[in-house]
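Visitor: Need coordinates for the below:
(2 chains)
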Amino acid sequence: MNEPQRTVADEPPPFLGTWGRVYTVVVIYLACVIGLFYWFTKSFSP
Amino acid sequence: MRALDWVVMFAWLVFLVSYGLWRGRGSSSTQEFMLAGKTMPWYAMGLSIIATQASAITFISTTAQAYVDGMRFVQFYFGLPLAMVILSATAVPIFHRAKVFTAYEYLEHRFDAKTRLLVTVIFLISRGLGAGLALSAPAIVLSVVLGWPFRVTILIMGGLVVLYTTLGGIKAVTWADVQQMAVIMVALVIALAVAISMLPPDVSFRDALKLAGAAGKLNAVTTAFDWNDRYNIWSGLIGGMFLALAYFGTDQSQVQRYLTGKSIGQSRLGLLLTAVAKVPMQFFILFIGAMVFVVFLFVRPPLVFQPVEMERVQTSPQYAAIESRYEQAFDQRQAAARRIVASQSGALQDFRTAQTNLDAARADALNLSGANDTNYIFLSFVTHYLPVGIVGLVVAVIFTAAMSAISGEINSLATVTVIDIYKRHLVKEGPDSHYLWASRGATVFWGIYAMAFASSATGFGALIQAVNEVGSWFYGGMLGVFVLAFFVKRCTATGAFVGVLSGEAAIFTTARFTDAFLWYNVVGCVVVVAVGWSISALQPRNK
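Guide: Numbering: from 1, shown residues only, chains lettered A, B, ... in the order given. Sure, this is the predicted structure:
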């Protein structure tokens, strides 16, 4: 049975330089989305 | 459905299955069949993961959740992006470097064969139940809408899935999902556009938002903490994160997707695409449900959305009285809605009173039939109000979305059966071609099993809830053992094994006291880690 081929070593992301920065952007994005949804909820609450 | 709808539906079915088979051609080794030769680009992995989750249940049940309970279900997904970040940083490089076919294979590298076997069995039980549910739940609804016998619907859906999954493996599954996602988005946008276009001329889009908000349907974020409340920001962020960590980090149906990546980076990007896209997508789908609710403030919806049950209710002697109450409540609610738009005082209270009366009439009608029609709300809207041709497209997308979810599940079940059971315990040394055929055989077996399970299943309430709840019985325990494997270096094999058993016991005990299932994942994981760590501390380290 074939073993899975060896994958290339960990490479940097195509943007922002490091994976840590990419993760930070995703977390900030989530915070913004939740903030937007909260505003949406409050704006249309009776 | 009219003739054009049937043509569109069958054309889409034929295209999708053919496309999957074409992209899955050349799966002539186990690595091709199970891991697509590790050639998948990040966008295909990401879209495939989203498509698998955006199953038929998403269309049928998520829109209905918003219609009935408002948009707060979106909070369920708040923890998902956090989980994706954690998994990208931990599980993805670990699994890639371990060069495994399955997540459970890694557990033997780290602990021992019995821990691997235990978690494998838990996966096969939970995912086996999930596969049956994923097939039966939409088949029940689609059989009513299409007018097909239930078992024929299951046979067609299951048969097509088995065909392209058996021949094309994970490559066919993944590339079919990519096409599926594109059409899903088109169908959703059309459904929303039609809903908005159906608003009366004197009700603007902003008025529609005002009405949905007044009815409590735009409650996307609820901050009050309640242990028994299934969906609030806290259960979503914490419980949802644990569920997503478990689902994407330990469930082979998802792990296998990102193991197909060309590299660690490609797999990470695939997960992060899901992290960014999933929450807005769910919000959008729920928003459609809220807008359908507003449309039905002005267009009288059926007393019972399930057409067969509606016919049964109409034969009841109480029907006339209930229908009369329903019509009266609908007229009162519509009048109150127009007064809300005009910002008249007291309108909101009148609206709520009318809504309560309308809900009571519907409840009485549903009691007569004994059925739950939640899962027919969106399909009722689609089949009655979408343009001809588009109805066929939406029904086809729902049909194939169900197939997409099932294909991923039986593919992963087959992979685990062959790698973690058959090759590990039964036929340890054999040529690759032997295991390839064993994989195809296992795919057929799990396909038949899912069809048999689905055929014997009966109705469910909110489908999406049932699927997630079944997962939550097992995911906490599975997540706990991987946390031990990745982060607790001193953990022994016995510690991990007893920890998993303790975690499952804790989950089933918790389930007796609360049905807020998102917390089961937290409880299960914490107990596994605590017990595993404690036992390991009392033992010499595992070699």
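Visitor: Please, where are all the helices along chain A?
Guide: A:19-43 (DSSP state H).
Visitor: which residue does it bring closest to chain B?
Guide: residue A:44 (2.8 Å; Cβ to the nearest Cβ). In short, each C-beta sits where N, CA and C put it, glycine included.
Visitor: List the contacts of the residue lying closest to that residue once chain neighbours are set aside.
Guide: The spatial neighbour of residue A:44 that comes closest, neighbours along the chain excluded (Cβ to Cβ, 6 or more residues apart in numbering or on different chains), is residue B:213 at 2.8 Å. For residue B:213, the contacting residues are A:43-46, by Cβ atoms under 8 Å, 6 or more residues apart in numbering or on different chains.
Visitor: neighbours around the closest residue in space to residue B:62 that isn't next to it in sequence, how many?
Guide: What sits nearest to residue B:62 in space, not counting adjacent residues and going by Cβ to Cβ, 6+ apart, is residue B:285, at 4.9 Å. For residue B:285, the neighbour count with other Cβ atoms under 10 Å in any protein chain shown is 25.
Visitor: Quick check, residue B:285 in contact with residue B:187.
Guide: No - counting by Cβ atoms under 8 Å, residue B:285 stays clear of residue B:187, with 10.8 Å between them.
Visitor: ok so, going back, next, work out how far apart the residue nearest to residue B:62 and residue B:364 are.
Guide: 30 Å (Cβ to Cβ, to the nearest Å).
Visitor: and whatever residue of chain B ends up closest to chain A, what helix or strand is that in?
Guide: Nearest to chain A, among the residues of chain B, is residue B:213, at 2.8 Å (Cβ to the nearest Cβ). Applying DSSP states H and E as the criterion places residue B:213 in helix B:205-214.
Visitor: is the next helix or strand after that helix up against chain A anywhere?
Guide: Using DSSP H and E, the helix or strand that follows helix B:205-214 in sequence is helix B:233-234. Yes - judged by Cβ under 8 Å from any Cβ of the partner chain, helix B:233-234 comes into contact with chain A through residue B:233.
Visitor: Now tell me what touches helix B:233-234 from outside.
Guide: Residues contacting helix B:233-234 (Cβ under 8 Å, 6+ apart): A:34, B:75, B:78, B:221-223, B:225.
Visitor: ok, now with 7 Å
Guide: B:75, B:78, B:221-223, B:225 (Cβ atoms under 7 Å, 6 or more residues apart in numbering or on different chains).
Visitor: can you check stretch B:291-304 too?
Guide: Contacts for stretch B:291-304 (Cβ under 7 Å, 6+ apart): B:63, B:67, B:192, B:195-196, B:198-200, B:208, B:211-212, B:215, B:217, B:310, B:313, B:323, B:326, B:330, B:333-334, B:337, B:362, B:365-366, B:369, B:373, B:378, B:380-381.
Visitor: got a pLDDT number for residue 23?
Guide: By default, I'm working from chain A. pLDDT, residue A:23: 96.
Visitor: Wait, chain B was what I had in mind.
Guide: pLDDT, residue B:23: 78.
Visitor: just wondering, since we're on the closest residue to it other than its chain neighbours, how far is it from residue B:446?
Guide: Of all residues not flanking residue B:23 in the chain, residue B:175 sits nearest, at 3.6 Å (Cβ to Cβ, 6+ apart). The gap separating residue B:175 from residue B:446 is 21 Å, by Cβ to Cβ.
Visitor: Okay, now the unreliable bits of chain A?
Guide: A:1-9 (pLDDT under 70).
Visitor: give me that answer again for 90
Guide: Along chain A, the parts satisfying pLDDT under 90 run over A:1-12, A:14, A:17, A:44-46.
Visitor: Burial check on residue B:19, number of neighbours?
Guide: With other Cβ under 10 Å as criterion, residue B:19 counts 18.
Visitor: same check, this time on residue B:112
Guide: Neighbours of residue B:112 (other Cβ under 10 Å): 16.
Visitor: if I pick it, what's in contact with it?
Guide: Neighbours of residue B:112 in contact, by Cβ under 7 Å, 6+ apart: residue B:493.
Visitor: where does it land on pLDDT?
Guide: 91.
Visitor: Quick check: it vs residue B:102, distance?
Guide: To residue B:102, residue B:112 is 16 Å away according to Cβ to Cβ.
Visitor: hmm, back to that, and the residue nearest to residue B:23, what's its pLDDT?
Guide: 83.
Visitor: That one and residue B:18 touch, don't they?
Guide: No - using Cβ atoms under 7 Å, residue B:175 makes no contact with residue B:18, being 11.4 Å away.
Visitor: returning to that earlier point: and residue B:175 and residue B:446? Which one has more around it.
Guide: Shown here are residue B:175 and residue B:446; by other Cβ under 10 Å, residue B:446 has more neighbours (26 against 23).
Visitor: That one is in what secondary structure piece?
Guide: helix B:432-456.
Visitor: average pLDDT across that helix?
Guide: Computed over helix B:432-456, the average pLDDT equals 89.
Visitor: contacting residues for the residue nearest the centre of chain A?
Guide: Most central in chain A under Cα atoms, centre = their mean is residue A:26, positioned 2.9 Å from the mean C-alpha point. Counting by Cβ under 7 Å, 6+ apart, residue A:26 touches B:81, B:85, B:272, B:275-276.
Visitor: what about 8 Å?
Guide: Contacts of residue A:26 (Cβ under 8 Å, 6+ apart): B:81, B:84-85, B:272, B:275-276.
Visitor: ok, now residue B:59?
Guide: Neighbours of residue B:59 in contact, by Cβ under 8 Å, 6+ apart: B:285, B:378, B:394, B:397-398, B:401.
Visitor: Just the buried ones from the contacts of helix B:233-234?
Guide: The neighbour count (16 or more other Cβ atoms under 10 Å in any protein chain shown) marks B:75, B:78, B:221-222 as buried among the contacts of helix B:233-234.
Visitor: between the helix holding residue B:213 and helix A:19-43, how many degrees?
Guide: Calculated by axes from the mean of the first three to the mean of the last three Cα atoms, to 10 degrees, helix B:205-214 forms an angle of 90 degrees with helix A:19-43.
Visitor: and the residue of chain A closest to chain B, what is it in contact with?
Guide: Here residue A:44 is in contact with B:209-210, B:212-214, B:218 (criterion: Cβ under 8 Å, 6+ apart).
Visitor: Out of those, who's the most crowded?
Guide: That'd be residue B:218 among those, by other Cβ under 10 Å, with 26 neighbours.
Visitor: That residue contacts residue A:40, correct?
Guide: Yes - between residue B:218 and residue A:40 there is a contact at 6.5 Å, judged by Cβ under 8 Å.
Visitor: shared neighbours, those two?
Guide: With Cβ under 8 Å, 6+ apart, residue B:218 and residue A:40 have no common neighbours.
Visitor: Enumerate the residues of the stretch 1-150 of chain B near chain A.
Guide: Residues of the stretch 1-150 of chain B lying near chain A (Cβ under 8 Å from any Cβ): B:29-31, B:35, B:37-38, B:74, B:78, B:81-82, B:84-85, B:88-89, B:93, B:96-97, B:99-101.
Visitor: Might you specify the subset of those residues located within helices?
Guide: Those of these lying in helices (DSSP H): B:30-31, B:35, B:81-82, B:84-85, B:88-89, B:93, B:96-97.
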